[in-house]
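[1] Quick one, fold the following:
(one chain, ligands or ions: 1)
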Amino acid sequence: MNWGRLEETVRTGRSPVQQHVFETDPEMGANVLAVLHRIGRESGPSLAKRMDLKGAKRLLDVGGGAGTNAIAFCREYPDLRATVFDLPQTLTLTKTFVKEAGLENRITLAPGNFNVDAFDGLYDVALMSDVLHYQNGETNAALVRKIHDHLAGEGRLIIKDRFLDNSGTSPAWTTAFAVHIMVNTEKGQCFTGQEAMDWMKQAGFQSITELEPYAIIQGTKGSKETR
Ligand SMILES: C[S@@+](CC[C@H](N)C(=O)[O-])C[C@H]1O[C@@H](n2cnc3c(N)ncnc32)[C@H](O)[C@@H]1O
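    Got it, this is the predicted structure:
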């Protein structure tokens, strides 16, 4: 229904909504997450393999939603334990999926607002999957810095999102998604991969690389060579 206010949004530069669906309408948010979970159940296992987390013991899934990635990653890496940090209203659904997967003993649910509340402890890997586009650049840069503080010495941050190229006009599907985000969130937008890499660089990440064009970026807190 917010799409009906597209013209007004474009003309005024103001979104018709306040906050985003996960904050304003947990029931609708749960529906969105259930769909993402169905899709992610297919793609999660191959993502987990490709990320090669051998040796990692602690994963922080920031805005981890239904726990889809945490479940896939824990299944792929038997020594891994995960913390899913998300809004308390979202974690109600996550609890069900984690229980269904039989992973309650390896996946911890941490309720909170990731822009406000503290993360506990240090992690070998942090994942931000489809989270950046719900908020503005300044807030994302601060979140990336906070994650950096909670990574162990050689820890990695993996960011998965729908990135635009530097012209902001492709890939085509992402530009359509960017319009969806513009009318359905207060401050969200799709960013370029370069913007996300800049936030990582400013936070102190090293070896920042694009693992998959327009989709996955990774950086490490430090490297063996520099320590
Ligand atoms: C599109 S979902 C992505 C879920 C999951 N990472 C995935 O890839 O399937 C965005 C998630 O971010 C969470 N989220 C949004 N703003 C948040 C905030 N300020 N603090 C904690 N979680 C937040 C939502 O509750 C939701 O689970």
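[2] Now do the helices in this structure.
    6-12, 21-24, 26-51, 68-76, 88-100, 137-149, 172-184, 193-203 (DSSP state H).
[3] What residues sit buried inside stretch 176-194?
    Residues of stretch 176-194 classed as buried by neighbour count (16 or more other Cβ atoms under 10 Å): 178, 181-193. For the C-beta atoms, the positions are set from N, CA and C on the backbone; glycine is no exception.
[4] Test my guess that D161 contacts F191.
    Yes. Under the criterion of Cβ atoms under 8 Å, D161 lies in contact with F191, with a separation of 7.3 Å.
[5] Overlap of the contact sets of these two?
    Contact criterion Cβ atoms under 8 Å, 6 or more residues apart in numbering; residues bridging D161 and F191 by contacting each: 132-133.
[6] so how many other residues sit close to the nearest residue to V183 once chain neighbours are set aside?
    Residue nearest to V183 in three dimensions, not counting chain neighbours: N2, with 4.4 Å by Cβ to Cβ, 6 or more residues apart in numbering. Residues contacting N2 under the criterion other Cβ atoms under 10 Å number 15.
[7] Over to the one 4 residues further on?
    Other residues near L6 number 14, with proximity taken as other Cβ under 10 Å.
[8] Next one: it from E186, what distance?
    Using Cβ to Cβ, to the nearest Å, we find L6 at a distance of 15 Å from E186.
[9] Now L157: closest residue in space, sequence neighbours ignored.
    In space, not counting the residues next to it along the chain, L157 is nearest to A126; the distance is 4.9 Å by Cβ to Cβ, 6+ apart.
[10] Kindly report the same for G112.
    For G112, the nearest residue in space outside its immediate sequence neighbours is F85; the separation is 6.3 Å by Cβ to Cβ, 6+ apart.
[11] Kindly report the same for A56.
    Of all residues beyond its chain neighbours, the one nearest A56 is D124 (4.0 Å), with distances taken as Cβ to Cβ, 6+ apart.
[12] Next up, the contacts around F163.
    Applying Cβ under 8 Å, 6+ apart, the residues near F163 are 174, 190-193, 196, 214-215, 217.
[13] go on, R145?
    Under the criterion of Cβ under 8 Å, 6+ apart, the contact partners of R145 comprise 199, 202-203.
[14] got the phi/psi numbers for the closest residue to the ligand within the chain?
    Using Cβ to the nearest ligand atom, the single residue of the chain nearest to the ligand is G65, 2.5 Å away. Dihedral pair for G65: phi 60, psi -130, per degrees, to the nearest 10.
[15] so who does the closest residue to it other than its chain neighbours touch?
    Distance criterion Cβ to Cβ, 6+ apart; nearest residue to G65, sequence neighbours excluded, is L33 at 5.0 Å. The neighbourhood of L33, defined by Cβ under 8 Å, 6+ apart, consists of 65-66, 90, 93.
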